[in-house]
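Q: Sequence and predicted structure below; questions after.
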Amino acid sequence: MPEPLVRSERRGAVALLTLNRPDKLNAINSAVIDALDAALDVAEADESVRAIVVAGAGRAFSAGFDLDMGSAAGKPGPAEVRRALENDFRIILRFWDSPKPTVAAVHGYCLGSSLELALACDLTVAAEDCRFGEPEVKFGSGIVALLLPWLAGPKAAKQLLLTGDDRVSAADMQAMGLVARVVPAAALLDEALALAGRIAANDAQAVRLTKQAINRSLDIGGMRQALLAALETDVWIETHETAESRQFNEILQRDGARAAIAWRAGRTA
């Protein structure tokens, strides 16, 4: 039997979901999203599960989301792009909206939309070696779920998103209030499970309603509408080509990402 793309385990009252595509640094594609949906369905329906931890197998939490547009051949059309981005957005917000508290345990790399997924979890525990970032602007892409301005403030969001820095340390993320704890890599999973266990030991209804109240306060402030508007911006970016993006993509396809990024950097030197 092939290995599942998401491993599901029980650790007492905590459901542990592990992204299991280590040969691709746990890049999340439509098949992984389907597996996450199924695992979340089971965990959320089980009354004995009182918290959920999401982690990654192998060398990284996740290097990001695959641009899996579902096109049989050739360049995907606008409808395929929209469908893929909406699916990415939906799975990220499932962790935010889950009736169970969610904890992300991240190590190695936590990049692109996988960072948004970690942000969507209620708490994030990071290994000291973890490197974070959203390098989308380097590739002419947008942000699927623009949570950063709401969770870290507009200045920090602009610093991360406009530079495209993909080497942000766990300590810097903690200083921004985006990571709850930074621990040695060997202790990461135990620390995340212990934190989830502390939450699980509390009154389940009080935890669920308190999480809802916190999230509702952001929705009252306009977060949900802003996220949907930002998703539309991302769809526009991904479906409208410029002369710069056309040449970048040609180099990307022919020579790879490093050469394409070097070409763009050379234009502005």
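A: Arrived safely.

Q: quick one: residue 144 from residue 53, how far?
A: 22 Å (Cβ to Cβ, to the nearest Å). (Each C-beta comes from the backbone N, C-alpha and C, glycine too.)

Q: So which of those two has more stuff around it?
A: Per other Cβ atoms under 10 Å, whichever of residue 144 and residue 53 has more neighbours is residue 144, with 30 against 26.

Q: Export stretch 102-122 to PDB, keeping only CA atoms.
A: Only the C-alpha atoms of stretch 102-122 are listed here, as PDB (Å, rounded to 0.1, in the frame of the first residue of the first chain):
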ATOM      1  CA  THR A 102      -5.200  23.800  16.100                       C
ATOM      2  CA  VAL A 103      -1.500  23.900  16.600                       C
ATOM      3  CA  ALA A 104       1.200  23.900  13.900                       C
ATOM      4  CA  ALA A 105       4.600  22.300  14.600                       C
ATOM      5  CA  VAL A 106       7.000  23.600  12.000                       C
ATOM      6  CA  HIS A 107      10.600  22.800  11.100                       C
ATOM      7  CA  GLY A 108      13.000  23.100   8.300                       C
ATOM      8  CA  TYR A 109      11.000  25.300   5.900                       C
ATOM      9  CA  CYS A 110       7.700  26.900   6.300                       C
ATOM     10  CA  LEU A 111       7.200  28.900   3.100                       C
ATOM     11  CA  GLY A 112       4.600  30.400   0.900                       C
ATOM     12  CA  SER A 113       1.000  29.300   1.500                       C
ATOM     13  CA  SER A 114       2.200  26.700   4.000                       C
ATOM     14  CA  LEU A 115       3.200  29.700   6.200                       C
ATOM     15  CA  GLU A 116      -0.400  31.000   5.800                       C
ATOM     16  CA  LEU A 117      -1.600  27.600   6.900                       C
ATOM     17  CA  ALA A 118       0.600  27.700  10.000                       C
ATOM     18  CA  LEU A 119      -0.700  31.200  10.600                       C
ATOM     19  CA  ALA A 120      -4.300  30.000  10.300                       C
ATOM     20  CA  CYS A 121      -3.600  27.600  13.200                       C
ATOM     21  CA  ASP A 122      -4.400  29.000  16.600                       C
END
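
Q: If you count neighbours, what's buried in it?
A: For stretch 102-122, the neighbour count (16 or more other Cβ atoms under 10 Å) marks 102-122 as buried.

Q: mind listing the strands for the chain?
A: 6-11, 14-19, 51-56, 102-106, 109-111, 123-127, 131-133, 168-169, 181-183 (DSSP state E).

Q: what packs against the shortest one?
A: Contact analysis of strand 168-169 by 3 or more Cβ pairs under 8 Å, 6 or more residues apart in numbering; DSSP states H and E lists strand 131-133 as its packing neighbours.

Q: Which residues does stretch 145-164 contact?
A: Applying Cβ atoms under 8 Å, 6 or more residues apart in numbering, the set of residues contacting stretch 145-164 from outside is 88-89, 92-93, 96, 113, 116, 119-120, 133-138, 143, 165, 168, 176-178, 218, 221, 223, 226-227, 230-231.

Q: Just the buried subset of these, please.
A: 88-89, 92-93, 96, 113, 116, 119-120, 133-136, 138, 143, 165, 168, 176, 178, 218, 223, 226-227, 230-231.

Q: Cross those residues against helices and list the overlap.
A: Among the buried ones among the contacts of stretch 145-164, the members found in helices (DSSP state H) are 88-89, 92-93, 96, 113, 116, 119-120, 218, 223, 226-227, 230-231.

Q: Out of these, which is nearest to residue 24?
A: residue 113 (14.2 Å; Cβ to Cβ).

Q: residues in contact with the closest residue to that closest one other than its chain neighbours?
A: Nearest residue to residue 113, sequence neighbours excluded (Cβ to Cβ, 6 or more residues apart in numbering): residue 65, at 4.0 Å. Listed by Cβ under 8 Å, 6+ apart, the contact partners of residue 65 are 27, 28, 29, 88, 112, 113, 114, 144.

Q: And the fourth one, how close does it get to residue 4?
A: In this structure, residue 88 lies at 20 Å from residue 4, with Cβ to Cβ as the measure.

Q: Same question for the first one.
A: Residue 27 sits 16 Å away from residue 4 when distances are taken as Cβ to Cβ.

Q: the more surrounded of the two?
A: Using other Cβ under 10 Å, the more surrounded residue of residue 27 and residue 4 is residue 27, with 21 against 12.
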